[in-house]
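[1] Have a look at this prediction, sequence included:
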Amino acid sequence: MGLFIPTYFPPISQFSEMARFNEITFEVEDNFQKQSYRNRCYIYGANGQQMLTIPTQKNNGIGKQKTKDTLVDNSVKWQDQHFKSLKASYNCSPFFEFFEDDLQHIYSKKYRFLNDLNFDAFLFLTAALHLEIKTKATTAYTPQVENDFRTLANVKQNSLKNYTPYIQVFSDKHGFLPNLSVLDLLFMEGPNAISYL
């Protein structure tokens with residue numbers, strides 16, 4: 001069993017570790033950290049790496065806020081912008097059209113809590129890749145354990161993996177960009193993405 005932070009369409013480094021397990025635990029009792037994959041992902045845009053960030057509500061200085069209590073700021077039209085960005089980037093990819101309707105469902109649903117969105121993103125990915133991974137959530141903050149992959153939610157955490165290049169939508173312009181959101185791999189490789197992971 002692995003321990004992970006729920007993230008927004010996680011990077012390949014995190015999802016490849018998730019895919020190794022039949023059961024994972026999501027840490028939801030930790031403190032929310034900005035500049036993490038909890039509320040952002042990176043895709044391959046026409047100008048290179050593009051960040052998509054989910055705006056979150058400020059906690060009004062009431063101390064630290066737990067990830068499970070983090071609210072999405074829906075006063076910003078972030079869902080339209082994210083879906084349009086994905087469509088602009090991947091409409092010509094081999095497999096985007098196969099997943100477009102399911103993605104549109106996620107981007108048309110109004111989420112109150114960030115974790116609810118991240119869980120739906122995880123379920124979308126496991127269904128798309130035909131993975132059966134049981135999940136549970138922590139009820140108290142978990143100290144360091146074996147198979148602890150929580151650091152993979154940190155954007156600044158350098159992955160030690162060497163990524164084998166695969167064809168990407170704009171690789172002829174900008175070359176191979178490693179460790180983007182697993183969506184990049186899914187839209188380019190479809191069912192073969194699981195072999196890459």
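    Structure's in. What do you need?

[2] Please make it C-alpha for all contacts and neighbour counts, starting now.
    Will do.

[3] Neighbours of residue 26, how many?
    For residue 26, the neighbour count with other CA atoms under 10 Å is 19.

[4] if I read this right, it contacts residue 135, doesn't it?
    Yes. Contact criterion CA atoms under 8 Å: residue 26 and residue 135 qualify, at 7.1 Å.

[5] any weak-confidence spans in the chain?
    Residue ranges of the chain with pLDDT under 70: 60-63, 158-160.

[6] elements contacting the longest helix anywhere in the chain?
    Using DSSP state H, we find that the single longest helix of the chain is helix 114-128. Helix 114-128 is packed against helix 96-108, with contacts defined by 3 or more CA pairs under 8 Å, 6 or more residues apart in numbering; DSSP states H and E.

[7] helices or strands next to the helix it packs on in the packing?
    Using 3+ CA pairs under 8 Å, 6+ apart: helix 96-108 touches helix 78-90, helix 114-128.

[8] Residue 173 is nearest to which of the ones you listed?
    helix 78-90 (13.2 Å; CA to CA).

[9] mind checking which of the helices and strands packed on helix 96-108 is nearest residue 59?
    helix 114-128 (13.5 Å).

[10] List the buried residues in that closest one.
    114, 115, 117, 118, 119, 121, 122, 123, 124, 125, 126, 128 (16 or more other CA atoms under 10 Å).

[11] Rebuild these as JSON lines, extending it with distance to residue 91.
    Converted to JSON lines, the buried residues of helix 114-128 look like this (distance: CA to CA, whole Å):
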{"residue": "114", "distance to residue 91": "26"}
{"residue": "115", "distance to residue 91": "27"}
{"residue": "117", "distance to residue 91": "23"}
{"residue": "118", "distance to residue 91": "23"}
{"residue": "119", "distance to residue 91": "25"}
{"residue": "121", "distance to residue 91": "19"}
{"residue": "122", "distance to residue 91": "22"}
{"residue": "123", "distance to residue 91": "22"}
{"residue": "124", "distance to residue 91": "18"}
{"residue": "125", "distance to residue 91": "18"}
{"residue": "126", "distance to residue 91": "21"}
{"residue": "128", "distance to residue 91": "17"}
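
[12] that older thread, how about TSV for the helices and strands packed on helix 96-108, with distance to residue 18 added?
    Below are those laid out as TSV (distance: least, CA to CA, whole Å):
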stretch	distance to residue 18
helix 78-90	23
helix 114-128	10
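
[13] so which of those helices gets nearest residue 14?
    Nearest of the helices and strands packed on helix 96-108 (CA to CA): helix 114-128, 11.4 Å.

[14] after that closest one comes which helix or strand?
    Per DSSP states H and E, the first helix or strand lying C-terminal to helix 114-128 is strand 134-137.

[15] partners of that following strand, with directions?
    strand 23-26 (parallel) (DSSP bridges).

[16] Report the secondary structure state of the closest residue to residue 117 other than its chain neighbours.
    Distances taken as CA to CA, 6 or more residues apart in numbering put residue 111 closest to residue 117, at 6.3 Å, once the chain neighbours are dropped. Under DSSP: H, G, I helix; E, B strand; the rest coil, residue 111 falls in the coil class.

[17] picking that back up, how distant is the longest helix of the chain from the center of its chain?
    Its chain's C-alpha centre and that of helix 114-128 lie 8 Å apart, by CA atoms, centre = their mean, to the nearest Å.
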